[in-house]
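Novice: take a look and give me a structure for this.
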Amino acid sequence: MSSELRLKKLRGSGGFIMATVNDDQQRKGNLGGPDLFLAPVGRLDSEKISKHYCNTCEKEYEGSPKIEYENPNEIVAENLVLLEKGQYICTTCGSILAEYRNFSKPDEAASVGAAIPVTNTNVATPQPAQSFELQEKPKAAGVKTFSSITGLGVYDTEARKVGIVKEMGIQPDQSSIVLVVTRNDGTDVTIKWDDIRKIGEVVLLGSLLENNLKCKCGYTNSQGSKFCESCGNKLK
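Specialist: Take a look at the predicted model:
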């Protein structure tokens, strides 16, 4: 594979950068649409960044934004470790241009398993899935939490960032695993596990994120719901 560097625009939720990237970085940033995204690429060398644009300032600046990161080495699921998380920050107003998470699979041949419950410490050795005890702690929209995976960017089939993962849990009837996603407008929506195409550096949905999932009774329904899962009323 060619390692030739090319100047590309990489988008974030709060702006974009212009940077020279190699073929592998372009592949990571391509989520299936015409644009490249910064979140899946991770941390770039600041010397490779020629410009950055801030949506808050509505201005373009020469050079790299500020890059802050940490290395938690947190086990967030079976066979999935959060190695690094960071932010690209506007040097003028301090707004976040983009966030990223870098993960590692200790066993590359195996798939990612169940999420680690919040009762475990961040660096604890993962236990067998059958030993996990789900917490019965009610959360927003009737979802009960059992995962520590939060903060991942969520993208739809048109490679648009639609929100971030707030928490992972199960429906009150214990029948379905869901993600609770905080959308760009600040509202929460639950997404069924079957509607998720891929979880890695980001969460990629298998469809567009629908609106009008909140019923007049106040319950926020799962992605794809046609009727309220709480009261049975037809959704708009």
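Novice: excluding residues flanking it in the chain, which one is nearest K85?
Specialist: R101 (5.0 Å; CB to CB, 6 or more residues apart in numbering). No exception for glycine: its C-beta is placed from N, CA and C like everyone else's.
Novice: burial count for the one you found?
Specialist: R101 has 23 neighbours, counted by other CB atoms under 10 Å.
Novice: how about it, what does it touch?
Specialist: 39, 82, 84-85, 151-153, 201-202 (CB atoms under 8 Å, 6 or more residues apart in numbering).
Novice: which among these end up buried?
Specialist: Buried by 16 or more other CB atoms under 10 Å: 39, 82, 84-85, 152-153, 201-202, out of the contacts of R101.
Novice: how close does R197 get to L204?
Specialist: R197 sits 5 Å away from L204, going by CB to CB, to the nearest Å.
Novice: give me the common contacts of those two.
Specialist: Shared contacts of R197 and L204, counting by CB under 8 Å, 6+ apart, come down to T157.
Novice: so which of these two has more stuff around it?
Specialist: L204 (19 against 14).
Novice: and the more buried one, bridged to which residues?
Specialist: L204 has these beta-bridge partners by DSSP bridges: Y155, K198.
Novice: do V181 as well
Specialist: Beta-bridge pairing for V181 (DSSP bridges): V165, V189.
Novice: now for P72: which residues touch it?
Specialist: Contacts of P72 (CB under 8 Å, 6+ apart): 82-85, 122.
Novice: ok, the nearest residue to L36 once chain neighbours are set aside - contacts?
Specialist: Excluding the flanking residues, the one nearest L36 by CB to CB, 6+ apart is G29, at 3.8 Å. Going by CB under 8 Å, 6+ apart, G29 touches 8, 10, 21, 36-38, 40-41.
Novice: can you rerun that using 7 Å?
Specialist: G29 makes contact with 10, 36-38, 40-41, according to CB atoms under 7 Å, 6 or more residues apart in numbering.
Novice: now L5
Specialist: L5 sits in contact with 20-22, where contact means CB under 7 Å, 6+ apart.
Novice: again, 8 Å this time
Specialist: L5 makes contact with 20-22, 48, according to CB under 8 Å, 6+ apart.
Novice: in strands, which of the contacts of P72 appear?
Specialist: 82-85 (DSSP state E).
Novice: ranges for the helices of the chain?
Specialist: Per DSSP state H, the chain carries helices over the ranges 23-29.
Novice: okay, and the helix or strand of it with the least pLDDT?
Specialist: Using mean pLDDT, DSSP states H and E, strand 144-145 stands out as the lowest-scoring helix or strand of the chain, at a mean of 42.
Novice: next, the buried residues of stretch 66-85.
Specialist: Judged by neighbour count (16+ other CB under 10 Å), stretch 66-85 contains these buried residues: 67, 74-82, 84-85.
Novice: now the end-to-end length of that stretch.
Specialist: End-to-end distance for stretch 66-85, by CA to CA, to the nearest Å: 14 Å.
Novice: ok, now stretch 73-92?
Specialist: End-to-end distance of stretch 73-92 (CA to CA): 31 Å.
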